[in-house]
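Peer 1: Coordinates for the following, if possible.
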Amino acid sequence: MALVARRVGLESWREAVARRAAMADRGSACLAAFDEACAAGVPEHIAAYRTLDAHGCLDRVNLPGDSQKQPEQAENDQIEPPGS
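Peer 2: Residues are numbered from 1 along each chain as shown. Below you'll find the model as predicted:
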């Protein structure tokens, strides 16, 4: 299993952080941390990962070869997040 920060469709990294943080009722804290990191010069994709990781909001993705899921399902989870 891998922990990832990812965007859905054409959403920005900020929108992705807001979406994932809202699922855990941590929206304002995550967005504040993300904005602070970006203002400090951290690239958006790195700021998104670090912010979501710090708040326990990263997506969990089963990788091919993960014995917990069938290979087809694990591969599909990489392409399209569950629930999207």
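
Peer 1: Would you mind pulling up the elements that the top helix by length along the chain packs against?
Peer 2: Assignment by DSSP state H gives helix 27-39 as the longest helix of the chain. Applying 3 or more C-beta pairs under 8 Å, 6 or more residues apart in numbering; DSSP states H and E, one finds that helix 27-39 makes contact with helix 13-23, helix 44-54. Heads up, the C-betas are built off the backbone N, CA and C, glycines and all.

Peer 1: pLDDT averaged over the helix or strand following the last one, what's the number?
Peer 2: The one in question is helix 44-54. The C-terminal neighbour of helix 44-54 among helices and strands, as given by DSSP states H and E, is strand 59-61. Taken as a whole, strand 59-61 has an average pLDDT of 81.

Peer 1: For strand 59-61, which strands pair with it and how are they oriented?
Peer 2: Looking at strand 59-61 with DSSP bridges, its paired strands and their directions are strand 2-4 (antiparallel).
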